[in-house]
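Peer 1: return atomic coordinates for the entry below.
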Amino acid sequence: MSTMSRRCIPYTPNRRPLAETTIALVTTAGVHARSQPAFNPEGEKEFRIIPGDVPTTELMISHPYYDHADADRDINCVFPVDRLRELAAEGLIGGVNDFHIGFMGTSPRLREVYEETAPAIADRVERSKTDAVVLTAG
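Peer 2: A predicted model of the protein is given here:
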């Protein structure tokens with residue numbers, strides 16, 4: 001059995017201008033596309049790959065442990081993809097990644113999330129064109 005540890009992540013400043021930076025969203029708010037399976041309310045370690053061009057009307061939240069009534073009306077409260085698209089259109093950021101990641105931050109499977117889910121998400125993002133990530137919670 002492996003043990004959980006806290007590894008220090010060294011501060012790494014961004015040396016790329018924002019106008020050349022591609023950004024992805026990673027959220028623990030339980031956001032996913034309507035066509036994807038809902039998150040298990042008992043908690044799970046799986047995450048959903050959300051297409052970068054998904055219309056916000058096709059997004060939903062299936063996280064049972066916070067009040068997301070406002071986010072149900074405007075998903076950008078917890079998943080600001082429209083705001084990123086606007087920044088990209090204005091040239092203030094280089095672009096929006098072709099996918100984002102959603103998962104449910106509340107889970108009794110903490111060890112699996114820490115040892116499996118988080119590294120899998122980091123690997124997926126690292127292998128993409130993403131230069132920076134915006135992390136959001138519900």
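Peer 1: could you pull out the helices for the chain?
Peer 2: With helices called from DSSP state H, the chain shows them at 69-73, 81-89, 110-112, 118-126.
Peer 1: what's the least confident stretch among the ones you listed?
Peer 2: Among the helices of the chain, helix 110-112 carries the lowest mean pLDDT, a mean of 84.
Peer 1: and it, what's buried?
Peer 2: In terms of neighbour count (16 or more other Cβ atoms under 10 Å), helix 110-112 has no buried residues at all. Bear in mind the C-beta positions are built from the backbone N, C-alpha and C, glycine included.
Peer 1: before we move on, the earlier item: out of the helices of the chain, nearest to residue 48?
Peer 2: helix 118-126 (10.7 Å; Cβ to Cβ).
Peer 1: list the helices and strands that closest one packs on?
Peer 2: Where contact means 3 or more Cβ pairs under 8 Å, 6 or more residues apart in numbering; DSSP states H and E, helix 118-126 is packed against strand 22-27, strand 47-51, strand 99-103.
Peer 1: measure residue 116 to residue 26 for me?
Peer 2: Here residue 116 is placed at a distance of 16 Å from residue 26 (Cβ to Cβ, to the nearest Å).
Peer 1: which of these two has more neighbours?
Peer 2: residue 26 (21 against 13; other Cβ atoms under 10 Å).
Peer 1: related to what we said a few turns ago, now the helices of the chain in CSV, with distance to residue 103?
Peer 2: CSV is the format used below for these (distance: least, Cβ to Cβ, whole Å):
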stretch, distance to residue 103
helix 69-73, 15
helix 81-89, 16
helix 110-112, 12
helix 118-126, 7
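Peer 1: in this protein, where is pLDDT below threshold?
Peer 2: 1-10 (pLDDT under 70).
Peer 1: alright, I will stop here.
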